[in-house]
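1. kindly return the folded structure for what I paste below:
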Amino acid sequence: MSPSFTEEQRRFLRLLEVPVPGRPAVRESAPPQAALPKVAAAAQPPRQDPAPAAPLPTPTVPLAQPTVPDAPLWDMAAQERRETVIAGLAWADLAAMVSVCQDCPLGATRQHAVFGAGNPQGRWLFVGEAPGAEEDRRGEAFVGRAGQLLDAMLKAMGLERGRDVYIANVLKCRPPNNRDPLGPEVRECLPYLHRQIALIRPQIIVALGRFATQGLLQVDTPLNKLRGTVQHYGDIPVVITYHPAYLLRNPIDKRRVWEDLKKARQVFQEAGGALPEAR
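-> A predicted model of the protein is given here:
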């Protein structure tokens, strides 16, 4: 038989109830039988503390606090280890790692990771920003409208993507709605591009657009101030021009792009590269 409590005793027992996250508090209208199990649980806390009114520590918040100052150091160490692993991968292993990468949120929203396209032994490397909708659907770089325009640009230079050129992006996954890449996304993806460059060993790099230029050169200089100059990635010359997607929106700048591409041909030939006649 359940023990009998006076109303005063019941109020006292309710005062001893310790709130616990995720556990409903005792209601004023609850019958004594419903309140008894909660009182019993509160009367036997796991720690040896005789003060019944002291709240139990919430494990999720206090336990996490000591690790917060060390989190950036841990992240840096983990990032360095990751970059070291990537820097030692062969081409096939690198492509396999990209295909399953989940190191930034884009891995959860993409259809396909886009490693690149073209000839990985080509002397020319063209670097863009990120895959678009068609690239995401097919898993290949520059196959949408911007890719068709790029192929026309290559043909005008006397180049072919499957013979002379490899094409890659700074990001290997499409940002939702083709938004601009975010800093953490670029940080996670750049080691893949660095390794691609080390394995391809191109004679020249053509950076397509602002994000490709700033990601490769690690600068925040506006694109218009870098166009017309020859920059360097290590000892590899880098020529900067507009992204083909930009030209689709601003066809008036095609003349400027052609000047940039002629400059790239000149730099390539001055470095000892042989080119067919431009068309």
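2. residues in contact with V143?
-> Neighbour list for V143: 117, 134-135 [criterion: CB atoms under 8 Å, 6 or more residues apart in numbering]. For glycine as for every other residue, the C-beta is placed from the backbone atoms N, C-alpha and C.
3. let's see it at 7 Å
-> 134-135 (CB atoms under 7 Å, 6 or more residues apart in numbering).
4. quick one: secondary structure of it?
-> Here V143 is coil, with the state taken from DSSP: H, G, I helix; E, B strand; the rest coil.
5. just want the phi and psi numbers for it.
-> With angles defined as degrees, to the nearest 10, V143 shows backbone torsions of phi -120, psi 0.
6. okay, it: pLDDT?
-> At V143 the predicted local distance difference test score is 91.
7. any idea how far it is from K254?
-> 21 Å (CB to CB, to the nearest Å).
8. quick check: Y192 vs P105, distance?
-> The spacing between Y192 and P105, counted by CB to CB, is 16 Å.
9. just E140 next, same as before
-> Note on E140: its distance to P105, by CB to CB, is 23 Å.
10. between the two, tell me which one has more neighbours.
-> E140 (19 against 15; other CB atoms under 10 Å).
11. that one and A117 touch, don't they?
-> Yes. E140 lies in contact with A117 (CB atoms under 7 Å); the separation is 5.0 Å.
12. I'd like the average pLDDT over stretch 246-259.
-> 94.
13. dihedrals phi and psi, F126?
-> Listed backbone geometry of F126 is phi -100, psi 130, with angles given as degrees, to the nearest 10.
14. repeat that for G228.
-> Listed backbone geometry of G228 is phi 90, psi -10, with angles given as degrees, to the nearest 10.
15. look at it and report its pLDDT.
-> Predicted confidence (pLDDT) for G228: 89.
16. please begin residue numbering at 11 from this point
-> In the new numbering, first residue 11, that becomes G238.
17. and it, how many residues sit next to it?
-> 13.
18. now do the one 4 residues further on
-> Other residues within reach of H242 by the criterion other CB under 10 Å amount to 11.
19. low pLDDT regions in this protein?
-> Regions of the chain meeting the criterion pLDDT under 70 cover residues 11-84, 286-289.
20. pop the domain breakdown of it in here.
-> Taking automatic domain parsing as the domain assignment, the ranges for the chain are 11-76, 81-280.
21. which parts of stretch 140-153 are buried?
-> The neighbour-count criterion (16 or more other CB atoms under 10 Å) identifies 140-142, 145-146, 149-153 as the buried residues of stretch 140-153.
22. now that stretch: how far from the chain's centre is it?
-> The gap between the average C-alpha position of stretch 140-153 and the chain average comes to 16 Å, counting by CA atoms, centre = their mean, to the nearest Å.
23. and I96, how far from H122?
-> 20 Å.
24. pick the most deeply packed of the domains of the chain.
-> Counting by mean count of other CB atoms under 10 Å, domain 81-280 has the highest mean neighbour count of the domains of the chain, with a mean of 18.
25. D263 against H253, yeah?
-> No. Here D263 does not reach H253: they are 10.6 Å apart, not a contact under CB under 7 Å.
26. which of the buried residues of stretch 140-153 lies closest to A106?
-> G149 (13.3 Å; CB to CB).
27. could I get the CA-only coordinates of stretch 136-154 as PDB?
-> In PDB, the C-alpha atoms belonging to stretch 136-154 read as follows (Å, rounded to 0.1, in the frame of the first residue of the first chain):
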ATOM      1  CA  PHE A 136      42.900  25.600 -66.900                       C
ATOM      2  CA  VAL A 137      41.400  26.200 -63.400                       C
ATOM      3  CA  GLY A 138      37.900  27.300 -62.800                       C
ATOM      4  CA  GLU A 139      35.800  28.100 -59.700                       C
ATOM      5  CA  ALA A 140      33.400  25.200 -59.000                       C
ATOM      6  CA  PRO A 141      31.100  22.800 -60.900                       C
ATOM      7  CA  GLY A 142      27.700  24.100 -62.200                       C
ATOM      8  CA  ALA A 143      24.400  22.200 -62.400                       C
ATOM      9  CA  GLU A 144      25.300  20.200 -65.500                       C
ATOM     10  CA  GLU A 145      28.700  19.300 -64.100                       C
ATOM     11  CA  ASP A 146      27.200  18.200 -60.900                       C
ATOM     12  CA  ARG A 147      24.700  16.000 -62.800                       C
ATOM     13  CA  ARG A 148      27.300  14.400 -65.000                       C
ATOM     14  CA  GLY A 149      30.400  14.500 -62.700                       C
ATOM     15  CA  GLU A 150      32.700  16.100 -65.300                       C
ATOM     16  CA  ALA A 151      34.200  19.600 -65.400                       C
ATOM     17  CA  PHE A 152      33.000  22.200 -67.800                       C
ATOM     18  CA  VAL A 153      30.400  20.400 -69.800                       C
ATOM     19  CA  GLY A 154      27.600  23.000 -69.600                       C
END
